[in-house]
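# Next come a sequence and a model predicted from it.
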Amino acid sequence: MTAQPKSSATRISFPDPETMTPAQKEVYDQIVSGPRKTLVGPLRAALHNPMLADRWQRLGQVLRFETSLPTHLNELAILVTARRWNSELEWAIHLGDADRAGLDPAIGEAIRTCSAPDFKGDEPACEIYEFARQLVATGNVDDDVYAAIVRRWDEVGAVELTAVIGYYSMVAMTLNVHQVPVPEGVSVSLPTEPGVLSAMPAAQG
């Protein structure tokens, strides 16, 4: 098996569809025929271990497309996660998804600049933001923040939301450590400071 050579922007090679092993090609075909339609991001690296890539894409499909949370709120949690870990590719992909799902662009811009989002009375979005913000900042959330999610989305929502944030933290770390490049034509403007995680303030109302 050969792989596409590393570019100057990445630390890792990516398996080439033309020369993949049968196991890699089977997983690749499953991915491109599913909701993603293409192989992008961390799965390009994970495909070095096809079993890992298979389990990864199955979990990712559930957490990206099949939770009980509204899509725009799922994407809000992902944006908070991407911003915390300064993951440009994760940010670029999910900012577009959030826009298409109907998230107020002003919220995304506030997260991008690590400013306090003004949710303008949108309590569900404010609660999701605060849960995600606290979890990626401290590894836990306050009792009242947890209780708010359970009240609105039941325990299954709290489980799903935690899993989304944990999964996309893994995605961000994979993208960062392997320096998986942003695809051509995708622009990213994410202010970062090398070696420093981003900190986001609590939301406005």
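Cool, got the structure.
# domain assignment for this protein?
3-64, 69-173 (automatic domain parsing).
# any idea which helix or strand comes after the helix or strand bottoming out on mean pLDDT in the chain?
Lowest by mean pLDDT, DSSP states H and E among the helices and strands of the chain is strand 3-4, with a mean of 50. Using DSSP states H and E, the helix or strand that follows strand 3-4 in sequence is strand 14-15.
# And the next helix or strand past that following strand?
By DSSP H and E, the next helix or strand past strand 14-15 is helix 22-32.
# Which residues belonging to that following helix are considered buried?
By neighbour count with 16 or more other Cβ atoms under 10 Å, helix 22-32 contains the buried residues 24-25, 27-28, 31. No exception for glycine: its C-beta is placed from N, CA and C like everyone else's.
# cool, and stretch 33-44?
36, 39, 41-44.
# Okay, and which of the residues you listed map to helices?
The members of the buried residues of stretch 33-44 that map onto helices under DSSP state H are 42-44.
# ok so, going back, could you dump the buried residues of helix 22-32 to JSON lines with distance to residue 15 and pLDDT?
Output for the buried residues of helix 22-32, formatted as JSON lines (distance: Cβ to Cβ, whole Å; pLDDT from 0 to 100):
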{"residue": "24", "distance to residue 15": "5", "pLDDT": "92"}
{"residue": "25", "distance to residue 15": "9", "pLDDT": "93"}
{"residue": "27", "distance to residue 15": "10", "pLDDT": "90"}
{"residue": "28", "distance to residue 15": "8", "pLDDT": "90"}
{"residue": "31", "distance to residue 15": "12", "pLDDT": "85"}
